[in-house]
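Student: Pasting the sequence and the predicted model now:
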Amino acid sequence: MGIYVNPGNVSFEMSRFSEIYIDKSMLISKMNALYRTERRFICVSRPRRFGKSMAANMLTAYYSCGCSSEKLFAGLKIEESPSYRKHLNRHNLIRIDVQRFLDTEKDLDTFIPVIEQTIVSELMEEFPDCTGIEPGSRLKTALGQIFIQTAKGFIFIIDEWDCVFRIARHREEEQKKYLDFLRGLFKDSEYAELAYMTGILPIKKYGEHSALNVFDEYSMLMPKNLGEYFGFTKEEVSGQCEKRGISYDEAEKWYDGYCLGSLHIYNPKSVADALTWKEFQSYWTGTETYEALKIYIDMNFDGLREAVAMMLGGGRCKINPRRFQNDMTTFKTRDDVLTLLVHLGYLTYDKETEEVFIPNLEIEQEFLDAADGSEWNGLIQALSHSKKLLESTWELDEKAVAEGISRIHNETSSILKYNSENSLACAVLIAYYSAKAYYINPILELPSGKGFADVVYLPRRNADYPALVIELKWNKSAEGAVKQIKEKGYFSWIEGYTGDMILAGINYDKEKKVHECIIEKYNPQIKKS
């Protein structure tokens, strides 16, 4: 048993017998199905704190012939898989944690030779009868010799594979050398029976093409059939909450919201922390500060701050993620930065609508911290006025609502393009920021061209508040906005809702530079206003 060649199972053992352990062992069955096939090269990218290393440790413990792991998998779902016994501790395995070789940027000049020399030395000890291998041999040469002489292949588990691109952000030559090393290791490699790489970023692109095109990629944008292994599912979290007597609704509000295909995934590390300490809060800053987030949103490409402000209010932002180059420096548009934030876990991506949004309250706290500075001129103040505006809406105080919208619109004018339909929509979302405590995320149709935004807030489960239906107008009339809500039957958006509603028409008069508001109570069941 070595450190890198056929390592032990201690790391997985510590996870397996921890107080909180969620069984993700059926990931092994997915990997067994790819063993020695054309699709045996897998790159799984997901944010920090989403269980990447745990999955790598589990696969290492399962496949490596350098340990005996039957007791660790006893009682887990994988025991029922037909392929379980076939592969359990029966393979030569090489486990590489790239970050272990890269403590500082200075290590970039030597880390590839060090990786090769270290692993080749262990291979020489593991296969002493194989000839043609010397201390200075290239790793792919040594592996090729072992395969030719013994007919034994290898499974590769590479953790933090993209560490180079995060440490050497501006050293493109070093990045290319690293990609060349990986390409040479795996291209046309008969000795590679399975390769599982995991990191935060997908594989670096040059132009529109991946630099390692033998790998199938599974990411926060395209999880494919591995979505349930990226984090905790609703059923897993609700079961743990019931077991420990804590509120599932609170867990959902704080840590749910990551869209992976049809699944909603919870941040696993934060859920585990909340279950352990029985306290709901942001655990994100326990491992990294918000400075990294602040750097990216301060890159105000193409209205990036406006997009963040809108998302803080519960809105969504349409993006094209396909041009992102999968690194941390090549930013040409707002979409590039927003796509990176999806991979970092600060946003989530709805594939059906091609929109990004803030997934949960934990991440919202990170955005609020990052936005608490002079560059954001008035956003935090605007959010602080939101509760009063919501109360005024419930009280049908038209004058107070109009004045509140006007104040918030003015406070955010440095972020929003003031004289546009979109800026009014964003201002309204910010104005009703406090509605999140009582309502689910708003249903909205943001303006397109000369269109206007309609916003609907539905109350949360067991919350005794009226639904809010808001129609916006620009240089028209607030009365006409309320009339339009009724005439055009916007209630079809919320079919099945039977409670009271508040209809609010908000108009901005560009000539007078004033906001106008008309508010009515309404119940669609009795058609009475």
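Tutor: All right, it came through fine.
Student: SS state for V164?
Tutor: Assigned state for V164: helix (three-state reduction, DSSP: H, G, I helix; E, B strand; the rest coil).
Student: Next one: the closest residue to it other than its chain neighbours relative to L201, how far apart?
Tutor: Spatial nearest neighbour of V164, chain neighbours left out: Y178 (4.7 Å); criterion: C-beta to C-beta, 6 or more residues apart in numbering. Every residue, glycine included, has its C-beta placed from N, CA and C. From Y178 over to L201 the distance is 13 Å, taken as C-beta to C-beta, to the nearest Å.
Student: Could you check which of the two has the larger neighbour count?
Tutor: Neighbours were counted for Y178 and for L201 using other C-beta atoms under 10 Å; Y178 has more, 24 against 21.
Student: For the closest residue in space to Y62 that isn't next to it in sequence, identify the helix or strand it belongs to.
Tutor: Nearest non-adjacent residue to Y62, counting by C-beta to C-beta, 6+ apart: I28, 5.4 Å away. Taking DSSP states H and E as the criterion, I28 maps to helix 27-34.
Student: circling back: quick check: which element contains the residue nearest to V164?
Tutor: helix 172-186.
Student: What lies in contact with that helix?
Tutor: Helix 172-186 is contacted from outside by 41, 108-109, 112, 139-140, 156, 161, 164-165, 168, 192, 195, 204, 211-212, 214-215, 327, using C-beta atoms under 8 Å, 6 or more residues apart in numbering.
Student: Can you list which of those are found in strands?
Tutor: 41, 156, 192, 195 (DSSP state E).
Student: quick check, nearest of those residues to G505?
Tutor: F41 (56.8 Å; C-beta to C-beta).
Student: Give the rounded mean pLDDT of the helix holding Y178.
Tutor: In this model, helix 172-186 has a mean pLDDT of 90.
Student: sorry, back to before: what is the most widely separated pair among the ones in strands among the contacts of helix 172-186?
Tutor: Checking the ones in strands among the contacts of helix 172-186 with C-beta to C-beta, the most distant pair is F41 and F156, at 9.0 Å.
Student: Pull up the overlap in contacts between those two.
Tutor: Between them, F41 and F156 share the contacting residues 186, 192, 195, judged by C-beta under 8 Å, 6+ apart.
Student: Turn these into a markdown table, columns for neighbour count and distance to P47.
Tutor: Output for the shared contacts of F41 and F156, formatted as a markdown table (neighbours: other C-beta atoms under 10 Å; distance: C-beta to C-beta, whole Å):
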| residue | neighbour count | distance to P47 |
| --- | --- | --- |
| F186 | 20 | 25 |
| A192 | 22 | 27 |
| A195 | 23 | 22 |
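Student: mind putting the residues you listed in JSON lines, distance to I3 included?
Tutor: Shown next, in JSON lines, are the shared contacts of F41 and F156 (distance: C-beta to C-beta, whole Å):
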{"residue": "F186", "distance to I3": "21"}
{"residue": "A192", "distance to I3": "20"}
{"residue": "A195", "distance to I3": "19"}
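Student: these two touch, right, L383 and G314?
Tutor: No. L383 is not in contact with G314 according to C-beta atoms under 8 Å; the separation is 11.9 Å.
Student: hey, what's in contact with both of the two?
Tutor: Both L383 and G314 are in contact with Y433, where contact means C-beta under 8 Å, 6+ apart.
Student: Listing request: residues of the protein with sub-threshold pLDDT.
Tutor: Within the chain, the stretches with pLDDT under 70 are 206-210, 285-292, 374-375, 377, 417-421, 446-453, 490-496, 498, 524-529.
Student: Could I get the full set of strands for the stretch 301-450 of the chain?
Tutor: 317-318, 348-350, 355-357, 443-445 (DSSP state E, counting those that start in this stretch).
Student: between these, which gets nearest to R46?
Tutor: Per C-beta to C-beta, nearest to R46 of the strands of the stretch 301-450 of the chain: strand 348-350, 11.7 Å.
Student: Other residues contacting the closest one?
Tutor: By C-beta under 8 Å, 6+ apart, strand 348-350 touches 220-221, 257-259, 316, 319, 321, 342, 355-359.
Student: For those, work out which two are farthest apart.
Tutor: The span of the contacts of strand 348-350, defined through C-beta to C-beta, is set by G257 and P321 at 17.8 Å.
Student: so how far is S434 from the closest residue in space to C317 that isn't next to it in sequence?
Tutor: In space, and not counting its chain neighbours, C317 is closest to A307: 4.5 Å by C-beta to C-beta, 6+ apart. A307 is 21 Å from S434, where distance means C-beta to C-beta.
Student: ok, those two, which is more surrounded?
Tutor: The neighbour count for A307 versus S434, taken as other C-beta under 10 Å, is higher for A307 (26 against 17).
Student: The more buried one reaches L338, doesn't it?
Tutor: Yes. With contact defined as C-beta under 8 Å, A307 reaches L338; the gap is 6.9 Å.
Student: Give me the neighbour count for R16.
Tutor: R16 sits with 22 neighbouring residues when counted by other C-beta under 10 Å.
Student: ok, it - contacts?
Tutor: Contacts of R16 (C-beta under 8 Å, 6+ apart): L72.
Student: Test my guess that L93 contacts Y63.
Tutor: Yes. Here L93 reaches Y63: they are 5.1 Å apart, a contact under C-beta under 8 Å.
Student: more crowded one of the two?
Tutor: The neighbour count for L93 versus Y63, taken as other C-beta under 10 Å, is higher for Y63 (29 against 26).
Student: ok, now which ones touch that one?
Tutor: Residues near Y63 by C-beta under 8 Å, 6+ apart: 87, 89-91, 93, 155, 157, 194.
Student: how about a cut-off of 7 Å?
Tutor: By C-beta atoms under 7 Å, 6 or more residues apart in numbering, the contact set of Y63 is 87, 91, 93, 155.
Student: Could you report the distance from the first one to F17?
Tutor: Looking back up the chat, that one is H87. Following C-beta to C-beta, the distance that separates H87 from F17 is 22 Å.
Student: cool, and the second one?
Tutor: H91 sits 24 Å away from F17, taking C-beta to C-beta as the criterion.
Student: With neighbour numbers in mind, choose between these two.
Tutor: Neighbour count, other C-beta under 10 Å: between H91 and F17, H91 has more, with 19 against 9.
Student: Please report phi then psi for that one.
Tutor: Dihedral pair for H91: phi -130, psi 150, per degrees, to the nearest 10.
Student: now do V98
Tutor: Backbone torsions for V98, taken as degrees, to the nearest 10, come to phi -60, psi -30.
Student: Can you name the residues that contact it?
Tutor: V98 is in contact with 158, 160-161, 163-164, counting by C-beta under 7 Å, 6+ apart.
Student: mind redoing it with 10 Å?
Tutor: The contact partners of V98, taken as C-beta atoms under 10 Å, 6 or more residues apart in numbering, are 111, 115, 158-164, 167, 178, 182, 197, 199.
Student: and what of W277?
Tutor: Y283.
Student: Over to M197?
Tutor: 41-45, 52, 56, 96, 98, 156-162, 182, 186, 203, 212, 215, 217 are the contacts of M197 under C-beta under 10 Å, 6+ apart.
Student: Which of the three states applies to it?
Tutor: Relying on three-state DSSP, one would call M197 strand.
Student: So in terms of bridging, what pairs with it?
Tutor: Per DSSP bridges, the residues bridged to M197 are C43, I158.
Student: how close does it sit to L182?
Tutor: Distance of M197 to L182, given as C-beta to C-beta: 8 Å.
Student: Lovely, talk soon.
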